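Participant: how would this look folded up:
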Amino acid sequence: MYRFSAKYILPLLLLTVSVVMNAQQIHSEPTKEIVREAISWQMNRYPESTLKDLYKTCFQNRFGLGHLMNDSASAAEYLREELKSADESLCDDSEPTGIDGQFQRVSLSVVSKGKLTFEQFLSAFLMSAKDYTPMALDDWKKEWHIIYKVIKRMNLRLPNQKKDAREIKRLLKSGQYASHHSQQYNAAYHPHYRIIRTDVYNKYVEPYIK
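Facilitator: Below you'll find the predicted structure:
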């Protein structure tokens, strides 16, 4: 039988906890109050939002950049191209995603306004893809079920809500999660942004744009 002295036990415990924490992000089940508050904020700021748009901000919050990133060269190329339309955006310079803001949507207009350089923006975007473990798809299905139950009870009268709900259900059943903004949202707000992990945003973006 192996025996460990007390001085080795704490480091071993800390190492175990660190490995578990890094292996998977720990997400607590959202409360109805938190969901209601987040959805109300979205609808007050962007009243043309549909269920697809509410779904999109919530999945972005849990999955980050996993569905976007291919390589840094492509990311830079797409960013430069989209910057040409950045001034059309009617969205805020930054806003939290989903129900607990693990990521921030940062408008590309902060670059065209000169608040951030292209290099600063791109660097923060690329950093946000590192060291983040997305939520497991089965867990996301359960969380979205909770979120959608709250949305239905809020009686928001979203256009095409039942149709959008069926599309989202089919999407999740197929093993996918990523979705697009609705045509209604795009026409109203011309969103041009990238999502940036909140800890990266707080350190490398917020000080320059606030």
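Participant: can you give me phi and psi for Arg197?
Facilitator: Per-residue torsions, Arg197: phi -60, psi 140 (degrees, to the nearest 10).
Participant: Could you list which residues are in contact with the residue nearest to it when sequence neighbours are not counted?
Facilitator: Distances taken as Cβ to Cβ, 6 or more residues apart in numbering put Ser128 closest to Arg197, at 3.9 Å, once the chain neighbours are dropped. Where C-beta positions appear, they are placed from N, C-alpha and C, glycine not excepted. Residues counted as contacts of Ser128 (Cβ atoms under 8 Å, 6 or more residues apart in numbering) are Gly64, Leu65, Phe103, Ile195, Ile196, Arg197, Val200, Tyr201.
Participant: Tell me the spacing between Ser128 and Arg105.
Facilitator: Distance of Ser128 to Arg105, given as Cβ to Cβ, to the nearest Å: 12 Å.
Participant: repeat for Tyr177
Facilitator: Taken as Cβ to Cβ, the span from Tyr177 to Arg105 is 17 Å.
Participant: With Ile39 instead?
Facilitator: From Ile39 across to Arg105, the span is 16 Å (Cβ to Cβ).
Participant: for Glu167, same thing?
Facilitator: Look at Glu167 and Arg105: by Cβ to Cβ, they are 22 Å apart.
Participant: higher neighbour count, those two?
Facilitator: Arg105 (21 against 15; other Cβ atoms under 10 Å).
Participant: Just to be sure, that one is in a strand?
Facilitator: Yes: applying DSSP: H, G, I helix; E, B strand; the rest coil, one finds Arg105 inside a strand.
Participant: For it, which residues are in contact?
Facilitator: Thr57, Gln60, Cys91, Ser94, Glu95, Pro96, Thr97, Pro191, Tyr193, Arg194, Ile195.
Participant: For the fourth one, grab the count of nearby residues.
Facilitator: Residues near Ser94, counting by other Cβ under 10 Å, number 17.
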